[in-house]
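Q: give the three-dimensional model of this entry:
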Amino acid sequence: MLLAIEQGNTNTMFAVHDGETWIAQWRAATDSSRTADEYAVWLSQLLAMASLKFEVLDACIISSVVPQSIFNLRNLARRYLHVEPLVIGENAELGIPVRIDKPSEAGADRLVNAIGAHVIYPGDLIVIDSGTATTFDIVAADGGFEGGVIAPGINLSMEALHAAAAKLPRVAIQKPQRVVGKDTVGAMQAGVFWGYIALIEGLIARIKAEWDKPMTVVATGGVASLFHGATLAIDHFDPDLTIRGLLEIQRRNTQKA
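A: Below is the predicted model of the structure:
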């Protein structure tokens, strides 16, 4: 029974896999100051609601882009699961080549997504992850991580617009029916939403032209569903890309051991 922890800058996901399927998933706001004991109190209640206990969890894998949180997440696994967790970027073997100038700089989430995409989708891939940042990562047909593009996330852009301009309100992100807004809120929503569609389509086109080979485009992340049906540039929307990657890494390391 595996506990997979995927921590981004905004949210942290905890998911339980029973060897055949994912049986539970929960999300919490990322807080780098949260201790192992605080995580345990919160998680124990959610486990109980799913008729589970810490005692049934016998493996743990952690992917985090927040370095100061890894210590506490590792202690959560050690104290309450009594296991030594696999940590992406530390003791977990990924089994893929990382073909960038400084492999140590590749974000854990980007590498996990690359593996999660490669095990399902054949050929060369563009993996788009829409979160705090929007990343476009290139995965070669052999599973190798080739690098990518990092842009500000759509929520970050909207917050920056509100923070920097005194008269612009904070508005919800949604797909507007028109490109040209008839009021301030509509204009902001159109600019951010359709601006991001243009960003996605433009970068995909440039990446494909530079790669000069057929590529499949896969999108994931909490914001990716907003773009569903709004562009033909994305071939697949896959919300389970990250946890699939974590499960595959866990299996590879277990088999190697």
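Q: so where's the stretch 1-150 of the chain uncertain?
A: For the stretch 1-150 of the chain, no stretch has pLDDT under 70.
Q: strands of that one, start to end?
A: In the stretch 1-150 of the chain, the segments counted as strands under DSSP state E, counting those that start in this stretch are 2-7, 11-17, 22-29, 59-64, 86-87, 124-130, 133-139, 145-152.
Q: which elements pack onto the fourth one?
A: Meaning strand 59-64. strand 2-7, helix 67-76, strand 86-87, helix 108-118, helix 241-256 (3 or more C-beta pairs under 8 Å, 6 or more residues apart in numbering; DSSP states H and E). For glycine as for every other residue, the C-beta is placed from the backbone atoms N, C-alpha and C.
Q: what lies in contact with that strand?
A: Contacting residues not belonging to strand 59-64 are listed as 1-7, 70, 73-74, 77, 81, 83, 85-88, 92, 108-109, 112, 242, 246, 249-250, 254 [C-beta atoms under 8 Å, 6 or more residues apart in numbering].
Q: can you check the second one too?
A: Contacts of strand 11-17 from elsewhere in the structure, counted by C-beta under 8 Å, 6+ apart, are 1-7, 22-30, 43, 46-47, 50, 52, 57, 69, 222, 242-243, 247.
Q: that one pairs with which strands?
A: Strands that pair with strand 11-17, judged by DSSP bridges, come out as strand 2-7 (antiparallel), strand 22-29 (antiparallel).
Q: the inter-axis angle of the longest one versus helix 241-256?
A: What that stands for is strand 22-29. Counting by axes from the mean of the first three to the mean of the last three C-alpha atoms, to 10 degrees, strand 22-29 lies at 120 degrees to helix 241-256.
Q: tell me the buried residues in strand 22-29?
A: By neighbour count on 16 or more other C-beta atoms under 10 Å, the buried set for strand 22-29 is 24-26.
Q: show me how far that strand is from its chain's centre.
A: Here strand 22-29 is found 14 Å from its chain centre; the criterion is C-alpha atoms, centre = their mean, to the nearest Å.
Q: cool, the shortest one as well?
A: Taking C-alpha atoms, centre = their mean, one finds strand 2-7 lying 12 Å from the centre of the chain it belongs to.
Q: filter the contacts of strand 11-17 to the buried ones?
A: 2-7, 24-26, 30, 43, 47, 52, 57, 69, 222, 242-243, 247.
Q: thinking again about what came up before, reformat the buried residues of strand 22-29 as JSON lines; add distance to residue 168.
A: Below are those laid out as JSON lines (distance: C-beta to C-beta, whole Å):
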{"residue": "24", "distance to residue 168": "40"}
{"residue": "25", "distance to residue 168": "35"}
{"residue": "26", "distance to residue 168": "34"}
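Q: any idea which of those is closest to residue 229?
A: residue 25 (24.4 Å; C-beta to C-beta).
Q: any idea how far residue 239 is from the residue nearest to that closest one when sequence neighbours are not counted?
A: By the measure of C-beta to C-beta, 6 or more residues apart in numbering, the closest residue to residue 25 outside its immediate chain neighbours is residue 15, 4.4 Å from it. Here the distance between residue 15 and residue 239 works out to 12 Å (C-beta to C-beta, to the nearest Å).
Q: who has more neighbours, these two?
A: Counted by other C-beta atoms under 10 Å, residue 15 and residue 239 do not tie: residue 15 has more neighbours, with 21 against 12.
Q: that's all I had, so thanks and see you.
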